[in-house]
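Asks: here is my input, please return the structure:
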Amino acid sequence: MNIERMKSLLVDFCGIPSISETHGETEMARMIFDKISEIQYFKDNPANAAIDPIDNDPLGRSYVHALMEGKGKSPKTVVLLSHYDVVDVVDYGPYKDYAFKPMEYTELLKQDDSISLTDDARADLHSGDYLFGRGTMDMKYGLAVDVEILYQVEKIIEYFPGNILLLSVPDEENNSVGMLAADELLRTLKKERKLEYTCCIVSEPYFPKYPGDDSKYIYTGAIGKLLPVFFCVGRETHVGDPFSGFNPNLLTAKLIEHIELNPELCDFRGSSRVPAPVCLKQSDTKSTYSVQTPTSAYTYFNYMTLTSSPEEVLEKLRTIALKAFEEVIGNVESKARQLKELTGGIPRLPNSKPMVLTFRELYEMCLDARGKDFRLYMDSYMKNAPEADFRHVSLDIVREVHKFCPYRDPMIVLFFAPPYYPHSEIVKDNSIIARVVSKIVSTAEKEYNERFTVESFFPGLSDMSYLSLPQNIDTASLKANFPLWGDRYNIPLDTISELDIPFLNLGPMGKDAHKYTERLNLPYSFGPAARLIYQTVLWALENYD
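Replies: You can find the predicted model right below:
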C-alpha cells in the first residue's frame, strides 16, 4: 500500500465541501472520477468507469463506479462501497473555512489555544497522531483506501482471482438517494458482465461504545430504521368553550409520553440492542395565530430495528396509540368532573371514542366512499406535490386524503415517512463473511498485535442497509402505508432482494464523527487498517464457494 498516495488522496477528497444536498456533491463526483481515471487500467479501459447520474435528482447529483476486471475472467467480484458526502460544518463556527483543509485546521488547533477542546481531543491533537477536519474519518478515508486498493490490484491484474467494483455515492448522511440509485447499477452490471458479488467491504469508522473504549470493531450487519408518523385529528373549538372540542395536541403529547425512550420498544438480539425511540418532531398544523384550537397535529419518531418488521412495528404502535387515545379521553372526562365539583355545572363534552387507522386503512375508507374519482385526484395530487422535505410532503398527502374521509370525528392516522432502512439478518457461522472475519481477527492479532471485537450490527444508519433484505418484510403493506412511496421516494426492494450481497465493515480509527473535533488516527488507519482492508479483498475472493 502506498501510504503517501493514500494520505494525498484523503487531503484532496476532504478539500471538496461535499455537504449533503449541496452542489459540492456534484464537484466531488467529478474529482473521484478524475482520480480514478489517472490509473493506467482505466486509461486502457475507459468504459469501465463512469459518473452515473441519479434520475430525477433536483440537484443533478451522480455516483461513481469503477470496475477492474481480472485477466482470468472470473465472475467473482468484491464491491468496495463508500459515501462521499459529509454533514454540514456549522458547528465549526468562525473556523468553518478550515473544516475542509485538514492539514491547516490541525495546525490552527495547535496554535490557537482559545479554541475550546475536550481534554481527550487536546491530548490527541498534541500527540501528533491525529488529523482533524470534516470527512477525515467519516468517510473520505474509506474512499481513499478504496482507490488505493485499485492501484494495488492493478499491479497483480494478470493473476488477480476476480474483480473489484468501486462504488462511491452521495447523500448517505441524508436520504441515501445515491445508494438507492446505485442498486440498479449493481443489478445491471451483474447481468451484463455476469458478475457474482462475493461480498461488499465498507470502511466506515468504528465507534467506541463508551469514553475510553480502545477496542477495535468489525461489523457484519446493519440496524434498520423506520420513521413512524402519527397524524392526530381533533375537533376544533373556540378557546372560550374548550371542553366542546378535542385538542389534537393532547394526543401527540400522550403519544410522546408512551413512546419516547420506551425500553419495551427497543429491538434486541443477543448482546445487541438498538436505542430507544426518540421524538424528532411535534407540531400542530396551524399556520397562523387564532383563538380556535388546532384541527390537527402530528408527531414522528426515530424508530430503530434489529428484528421487527415494519408490519410488526405498526401493530405495536397502533396498540400504544389506542391506549393513548383512551387515556386522553379519560383525562378530559376527569377534568370535566373536577370542574363540576368546583362550579356546580358540568361542561358539554363531545362523544369521542378511540379511532386509530393506518394510512392504508384511511385510503381504502376514502376509496370506498368516493370511488374512482378519489383515486384519480390523489394520483394527480401526489405527482404535482411541490418539492419539499419528504416528511412535510408525506404529511400533506395524508391531510389531503383525510379531506375525503367520511368519518369526521377525532382519529389518529399512523403511517411511515422517509427514510426507511432495512435491518440485516445475523451472519451464519459458515458464511463467507464469517470465514473472512475469522481470518481478519486471527491475522490482526498475529501480525499487527491488534485485537478486534466482532459486532453483529453497525451502530449507526448506513447504506449497508440497501445491500440485502430481511425475510420478514411484507412489501405490499410497507408500500401501502408509505404515502410518498412511488416516483418521489422509492426503494428498489425487489432489486435489493435479488442482489442479496453479504457485507462487512472494517474501517479506520477516529473520534467525534459529525463534530468540529472529528479526527482520524493516522498510525493505525494508514498502517494495520489499510493493509487489513486490502487483505480482506483477497480473502473474500479466495474463500468464496
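
Asks: hmm, what's the outermost residue in this structure?
Replies: Computed with Cα atoms, centre = their mean, the maximum C-alpha offset from the centroid of the chain is found at residue 344, amounting to 56.0 Å.

Asks: list the contacts for residue 14?
Replies: By Cβ atoms under 8 Å, 6 or more residues apart in numbering, the contact set of residue 14 is 100, 101, 102, 133, 134, 135, 136, 140. Where C-beta positions appear, they are placed from N, C-alpha and C, glycine not excepted.

Asks: same thing with residue 457?
Replies: 219, 220, 221, 222, 223, 272, 274, 306, 423, 424 are the contacts of residue 457 under Cβ under 8 Å, 6+ apart.

Asks: list phi and psi for the first one.
Replies: Backbone geometry at residue 219, expressed as degrees, to the nearest 10, gives phi -110, psi 140.

Asks: what of the second one?
Replies: Backbone geometry at residue 220, expressed as degrees, to the nearest 10, gives phi -120, psi 10.

Asks: doesn't residue 433 make contact with it?
Replies: Yes - with contact defined as Cβ atoms under 8 Å, residue 220 and residue 433 form a contacting pair (5.4 Å).

Asks: which residues are common contacts for these two?
Replies: Residues within reach of residue 220 and of residue 433 at once, by Cβ under 8 Å, 6+ apart, are 427, 503, 504.

Asks: SS state for the closest residue to residue 300 other than its chain neighbours?
Replies: Spatially, and ignoring its direct neighbours in sequence, residue 300 is nearest to residue 229 (4.1 Å; Cβ to Cβ, 6 or more residues apart in numbering). What DSSP: H, G, I helix; E, B strand; the rest coil gives for residue 229 is strand.

Asks: quick check: residue 229 touching residue 399?
Replies: No - counting by Cβ under 8 Å, residue 229 stays clear of residue 399, with 11.4 Å between them.

Asks: which of these two has more neighbours?
Replies: Neighbour tally, residue 229 and residue 399, criterion other Cβ atoms under 10 Å: the higher count belongs to residue 229, 22 against 17.

Asks: list the contacts of the more buried one.
Replies: Residues near residue 229 by Cβ under 8 Å, 6+ apart: 298, 299, 300, 391, 394, 395, 398, 414, 415, 416, 417.

Asks: sorry, back to before: please narrow the shared contacts of residue 220 and residue 433 to those residing in strands.
Replies: Those of those mapping onto strands are 503, 504, per DSSP state E.

Asks: just curious, which of the shared contacts of residue 220 and residue 433 is nearest to residue 189?
Replies: Taking Cβ to Cβ as the measure, residue 189 sits nearest to residue 503 out of the shared contacts of residue 220 and residue 433, at 16.8 Å.

Asks: what count of nearby residues applies to the closest one?
Replies: With other Cβ under 10 Å as criterion, residue 503 counts 25.

Asks: identify the residues contacting it.
Replies: Contacts of residue 503 by Cβ under 8 Å, 6+ apart are 81, 199, 200, 201, 202, 220, 222, 424, 433, 464, 467, 468.

Asks: how about low-confidence regions in the stretch 101-250 of the chain?
Replies: Within the stretch 101-250 of the chain, no stretch has pLDDT under 70.

Asks: ok, 80 please
Replies: 207-209, 211-212 (pLDDT under 80).

Asks: residue 388: what secondary structure?
Replies: Looking at residue 388 with three-state DSSP, the answer is coil.

Asks: before we move on, what about residue 367?
Replies: helix.

Asks: I'd assumed residue 376 was in contact with it.
Replies: No - judged on Cβ under 8 Å, residue 367 makes no contact with residue 376 at a distance of 11.0 Å.

Asks: who's more crowded, those two?
Replies: residue 367 (16 against 10).

Asks: give me the pLDDT value at that one.
Replies: pLDDT recorded at residue 367 is 96.

Asks: mind listing what the closest residue to it other than its chain neighbours touches?
Replies: Of all residues not flanking residue 367 in the chain, residue 374 sits nearest, at 5.7 Å (Cβ to Cβ, 6+ apart). Counting by Cβ under 8 Å, 6+ apart, residue 374 touches 366, 367, 404.

Asks: who touches residue 286 in this structure?
Replies: Per Cβ under 8 Å, 6+ apart, neighbours of residue 286: 294, 295.

Asks: does it count as helix, strand or coil?
Replies: coil.

Asks: which residues are contacting stretch 401-410?
Replies: 231-235, 246, 248, 251, 296, 350, 352-353, 355, 359, 362-363, 365-366, 369-370, 374, 378, 413, 483.

Asks: helices of the stretch 51-200 of the chain, start to end?
Replies: 102-111, 119-127, 140-155, 177-192 (DSSP state H, counting those that start in this stretch).

Asks: and those helices, which is most packed in?
Replies: helix 140-155 (a mean of 23; mean count of other Cβ atoms under 10 Å).

Asks: and that one, what does it pack onto?
Replies: helix 3-14, helix 24-37, helix 40-44, strand 62-69, strand 76-83, strand 163-169, helix 530-542 (3 or more Cβ pairs under 8 Å, 6 or more residues apart in numbering; DSSP states H and E).

Asks: again, 7 Å this time
Replies: Contacts defined by 3 or more Cβ pairs under 7 Å, 6 or more residues apart in numbering; DSSP states H and E place helix 140-155 against helix 3-14, helix 24-37, strand 62-69, strand 76-83, strand 163-169, helix 530-542.

Asks: for the ones you listed, give me JSON lines that also has distance to residue 258.
Replies: Formatted as JSON lines, the helices and strands packed on helix 140-155 follow (distance: least, Cβ to Cβ, whole Å):
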{"stretch": "helix 3-14", "distance to residue 258": "44"}
{"stretch": "helix 24-37", "distance to residue 258": "39"}
{"stretch": "strand 62-69", "distance to residue 258": "41"}
{"stretch": "strand 76-83", "distance to residue 258": "35"}
{"stretch": "strand 163-169", "distance to residue 258": "37"}
{"stretch": "helix 530-542", "distance to residue 258": "44"}
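
Asks: of all the ones you listed, which one is nearest residue 107?
Replies: Closest of the helices and strands packed on helix 140-155 to residue 107 is helix 3-14, at 12.8 Å (criterion: Cβ to Cβ).

Asks: CA atoms only: put that closest one into CSV for me.
Replies: C-alpha atoms of helix 3-14 as CSV (Å, rounded to 0.1, in the frame of the first residue of the first chain):
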residue,chain,number,x,y,z
ILE,A,3,0.7,5.3,2.2
GLU,A,4,1.8,8.7,1.0
ARG,A,5,-0.6,8.4,-2.0
MET,A,6,-3.4,7.5,0.3
LYS,A,7,-2.8,10.5,2.5
SER,A,8,-2.6,12.8,-0.5
LEU,A,9,-5.9,11.3,-1.8
LEU,A,10,-7.5,11.9,1.6
VAL,A,11,-6.5,15.5,1.8
ASP,A,12,-7.7,16.1,-1.7
PHE,A,13,-11.0,14.4,-1.1
CYS,A,14,-11.5,16.4,2.1
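
Asks: what about the strands in the stretch 251-400 of the chain?
Replies: Ranges of strands within the stretch 251-400 of the chain are 268-269, 272-273, 278-284, 296-305, 356-358, based on DSSP state E, counting those that start in this stretch.

Asks: list the strands paired with the first one, with their directions.
Replies: Within its sheet, and counting by DSSP bridges, strand 268-269 is paired with strand 272-273 (antiparallel).

Asks: pick out the residue nearest the middle of this protein.
Replies: Central residue of the chain (Cα atoms, centre = their mean): residue 461, at 4.1 Å.
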